[in-house]
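Engineer: 3D model of this:
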Amino acid sequence: MKITVYGNELTSWVAAACLARSGNEVTIVENTHSDDDLQTIRVLVNEPGLLELTEQQITSGRLSRSQQSTPDTEIHWLALNPDEISRAKSIICAETTNPNTQRLIVNQSNFGVGATEQLQLLLTQTDQHDAVYIPDLIQEGNAISDFSTPKRLIIGADHEWSIIQTNALLRPFSQSADNIQVMAPKEAEFTKFAITGMLAIRIGYINELANLADQIDVDIDVIRQGMGADPRIGYHYMSPGCGFGGQNFQEYTRKFSELFEQKSNPSLLATVIKENEVQKELLFRKLWQHYQCNLKGKTVTLWGGSFKPETASIDHAPSLKIIEALLAQDVRVQLHDPQALTNLQEYFGTNQKLRYCEDRYTALENSDALLIVTEWQQYWSPDYSLMLEKMNSPLVIDGRNIFDKEMLESQGFTYIGIGR
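Structural biologist: From the prediction side, this is the model:
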């Protein structure tokens, strides 16, 4: 099939690369200049394996970059920014003027509930022109696998022709899916928002419980295990921490909250979003309290800067707020992250108080505290003796509860967790 993918976000590049790998002739039309070096496109560098896959597909000739779609494109895949719906409408008006051609519009953009119906109204009224919605269900850090071997698929389509075309398009990827649901585009859009909102609420609730557990001297890890053992609840998205981040997750949550507000309905999401920003400052507050509101001249180590493991992305990451707060208190910050150091250097620039360390133990030198911000696997079982040797003060503030509290305290550390 001839496919044109529009956009320069993670969703567009993943779709373009994976569709090309399955044998399609794909053109990606970016929002920026198509002659930019792939190495400079941050989403390609941030996502594991995506740059390499994209380069492979370009070399194979199945994927090309252009400022416009190729002639006779059968499928136009919209993976645009939320504020680009006017561009989407322009694309449809330009590409579907001939009623005698087949044109399938796949909308995978976060335009809001009802957006695909708006796009459908712009199409030439023919049974071979249709718009469908396929929710973006990929997660950063695992995007290629999520797209190529999804566990479930949701297709928002109203007409038999577009359902058949979409099934054929997704056939290389749907073999692994345990569940494929077809529903109206508006319902599919609402479902995507509802899923994201539910996950955000679960995170917000377990964080609220953890903060309460701190106040009444209860171990939230024990409570979490008791809750998760209930089959009605489970453990998914039930780990307390120092706040969630990520561009897509944050954007969908915010937009869904705005929909409630537009309909004059009070929303749990509005509270979750507000409290999540407060939660991002929790590790700083715990450090501030431990040192009796005087951090001047201290050296603090952060392990983890990306918003989650297995990605270099720092979009809305808790580390950003923590670092800003520490620098404002004249603290020397020593930072380690397996992948995100380049992005953090671009974000903060040159600062004599901020040291970027390629080695996690080097980041601990003369440190008065270690803050665990991102739960990278390599942080879970460190060399405790070396840590004690490197640090001025053996204080660990664990923002992801990755350590065993009793184990660290038996080694001579002062341990502060979330709800522990």
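Engineer: Just to check, L327 is in contact with Q352?
Structural biologist: No - using Cβ atoms under 8 Å, L327 makes no contact with Q352, being 10.2 Å away. For every residue, glycine as well, the C-beta is placed using N, CA and C.
Engineer: More neighbours: these two, which one.
Structural biologist: L327 (15 against 6; other Cβ atoms under 10 Å).
Engineer: which SSE is that one in?
Structural biologist: Taking DSSP states H and E as the criterion, L327 maps to helix 318-328.
Engineer: Any chance you could list what contacts that helix?
Structural biologist: The contact list for helix 318-328 (Cβ atoms under 8 Å, 6 or more residues apart in numbering) reads 241-243, 245, 277, 279-281, 283-284, 295, 300, 302, 304-307, 314, 333, 335, 344, 347-348, 351, 353-354, 371, 373-374, 399.
Engineer: Please indicate which of these are buried?
Structural biologist: 241-243, 245, 279-281, 283-284, 295, 300, 302, 304-307, 314, 333, 335, 344, 348, 354, 371, 373-374, 399 (16 or more other Cβ atoms under 10 Å).
Engineer: Quick check: the gap between the most centrally placed residue in the chain and G141.
Structural biologist: With distances taken as Cα atoms, centre = their mean, G246 lies nearest the centre of the chain, 3.7 Å away. G246 sits at a distance of 9 Å from G141 (criterion: Cβ to Cβ, to the nearest Å).
Engineer: Between those two, which contacts overlap?
Structural biologist: Common neighbours of G246 and G141 (Cβ under 8 Å, 6+ apart) are K308.
Engineer: on that earlier part again, list the pairing partners of whichever helix or strand comes after the helix holding L327 within its sheet, with orientation.
Structural biologist: Following helix 318-328 in sequence order, the next helix or strand is strand 332-336 (DSSP H and E). Sheet partners assigned to strand 332-336 using DSSP bridges are listed as strand 299-303 (parallel), strand 354-357 (parallel).
Engineer: do you know which of those lies nearest T59?
Structural biologist: strand 354-357 (33.0 Å; Cβ to Cβ).
Engineer: Which positions within the helix or strand where N248 lies qualify as buried?
Structural biologist: Using DSSP H and E, N248 maps to helix 247-262. Of all the residues in helix 247-262, those buried under the rule 16+ other Cβ under 10 Å are Q247, N248, F249, Q250, E251, Y252, T253, R254, K255, F256, S257, L259.
Engineer: Wait, the first one touches A317, no?
Structural biologist: Spelled out, it's Q247. No - under the criterion of Cβ under 8 Å, Q247 makes no contact with A317, lying 10.3 Å away.
Engineer: Mind exporting the C-alpha coordinates of the strand or helix carrying D221 to PDB?
Structural biologist: Per DSSP H and E: D221 is located in helix 220-228. Output of helix 220-228 as PDB, limited to C-alpha atoms (Å, rounded to 0.1, in the frame of the first residue of the first chain):
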ATOM      1  CA  ILE A 220       2.500   1.800  51.900                       C
ATOM      2  CA  ASP A 221       4.200  -1.200  50.400                       C
ATOM      3  CA  VAL A 222       2.300  -3.500  52.600                       C
ATOM      4  CA  ILE A 223      -0.900  -1.700  51.900                       C
ATOM      5  CA  ARG A 224      -0.200  -1.800  48.100                       C
ATOM      6  CA  GLN A 225       0.300  -5.600  48.300                       C
ATOM      7  CA  GLY A 226      -2.900  -6.000  50.100                       C
ATOM      8  CA  MET A 227      -4.800  -3.900  47.600                       C
ATOM      9  CA  GLY A 228      -3.200  -5.500  44.600                       C
END
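Engineer: which helices and strands sit right next to that helix?
Structural biologist: Helix 220-228 sits against helix 185-216, with contacts defined as 3 or more Cβ pairs under 8 Å, 6 or more residues apart in numbering; DSSP states H and E.
Engineer: Tell me the gap between stretch 69-80 and the middle of its chain.
Structural biologist: 25 Å (Cα atoms, centre = their mean, to the nearest Å).
Engineer: ends of that stretch, how far apart?
Structural biologist: Start-to-end span of stretch 69-80 (Cα to Cα, to the nearest Å) is 15 Å.
Engineer: So which residues of the chain form strands?
Structural biologist: Using DSSP state E, the strands of the chain run over residues 2-6, 25-29, 63-66, 75-78, 103-107, 129-133, 152-156, 179-183, 299-303, 332-336, 354-357, 369-372, 395-398, 414-416.
Engineer: among the ones you listed, which is nearest M227?
Structural biologist: Nearest to M227, of all those, is strand 395-398, at 20.0 Å by Cβ to Cβ.
Engineer: Who are the packing partners of that closest one?
Structural biologist: helix 282-290, strand 369-372, strand 414-416.
Engineer: Find the one among these with the highest mean neighbour count.
Structural biologist: Most buried of the helices and strands packed on strand 395-398, by mean neighbour count (mean count of other Cβ atoms under 10 Å): strand 369-372, with a mean of 26.
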